[in-house]
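Undergrad: Curious how this folds, go ahead:
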Amino acid sequence: MKGELGRAIADFNQAIEVRPDDAIAYLNRGAVHGLKRDLDRAIDDFNQAIKLKPGLAEAYFNRGLAYAKKSTYDLAIADYNEGIKLKQNDAKAYLNRGLAYAGKGEYDRAIDDYNQAIKLNRSYADAYYCRGLAHAGRGDTQSAIADFEKFLSLSNDPVMRKWAEEDLKRLGAR
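TA: Residues are numbered from 1 along each chain as shown. Down below sits the predicted model:
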């Protein structure tokens, strides 16, 4: 939480040395490796967490994020599928799988996942923004504008609000 990623990894290393069967320690160390952009190490830790605790949905979700950051979208989608089987009501998992589909240019499938994320959490601003991008990618300007406007009504994130405003201008809505 303090941004001392090296110290966090050292602490997780020590925890794993003491309890090598602790899936959560591997999960957390993998997350820190991910923050450091050391994606291969992150994936190795998530693999170990899954080996130790196959029902740990977060390990699949986090490994999916690492694969997505490497632009290996099919592997990311496979992990999101496994994680969603274990934890079906996780709106963020649907959002992230939608991002992977969008990364492949599969906007209809991305929109389906954003719709599911919104169904699970009606105030999930990021899902509206991402769905707007997917609609824009499909050439559906009106739906994109509606989603960007909805995002602006829900979000307080200044960076993403700026992006949405720019997207609306690009689409001729402002």
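Undergrad: what's the average pLDDT for the helix or strand hosting Ala117?
TA: Element membership for Ala117 (DSSP states H and E) is helix 107-120. For helix 107-120, the mean per-residue pLDDT is 98.
Undergrad: The helix or strand that that helix is followed by packs against which elements?
TA: The helix or strand immediately downstream of helix 107-120 is helix 125-138, counting by DSSP H and E. When contacts are defined as 3 or more C-beta pairs under 8 Å, 6 or more residues apart in numbering; DSSP states H and E, helix 125-138 sits against helix 91-103, helix 107-120, helix 141-154, helix 158-170. Every C-beta, even on glycine, is put in place using the N, C-alpha and C of the backbone.
Undergrad: Residue ranges in this protein under the pLDDT threshold?
TA: 1 (pLDDT under 70).
Undergrad: Kindly state the domain boundaries assigned to it.
TA: 1-88, 106-174 (automatic domain parsing).
Undergrad: Which parts of stretch 136-156 count as buried, going by neighbours?
TA: 136, 140, 143-152, 154-155 (16 or more other C-beta atoms under 10 Å).
Undergrad: quick one on the thing from earlier: pull out the buried residues from the helix holding Ala117.
TA: 107, 109-114, 116-118, 120.
Undergrad: Serialize those to JSON lines and add fields for distance to Arg19.
TA: Output for those, formatted as JSON lines (distance: C-beta to C-beta, whole Å):
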{"residue": "Tyr107", "distance to Arg19": "44"}
{"residue": "Arg109", "distance to Arg19": "40"}
{"residue": "Ala110", "distance to Arg19": "39"}
{"residue": "Ile111", "distance to Arg19": "43"}
{"residue": "Asp112", "distance to Arg19": "40"}
{"residue": "Asp113", "distance to Arg19": "36"}
{"residue": "Tyr114", "distance to Arg19": "39"}
{"residue": "Gln116", "distance to Arg19": "36"}
{"residue": "Ala117", "distance to Arg19": "35"}
{"residue": "Ile118", "distance to Arg19": "40"}
{"residue": "Leu120", "distance to Arg19": "34"}
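Undergrad: Can you tell me which of those is nearest Cys130?
TA: Nearest to Cys130, judged by C-beta to C-beta, of the buried residues of helix 107-120 is Tyr114 at 5.5 Å.
Undergrad: Surely that closest one and Lys92 touch.
TA: No: taking contacts as C-beta atoms under 8 Å, Tyr114 lies outside contact range of Lys92: 11.5 Å.
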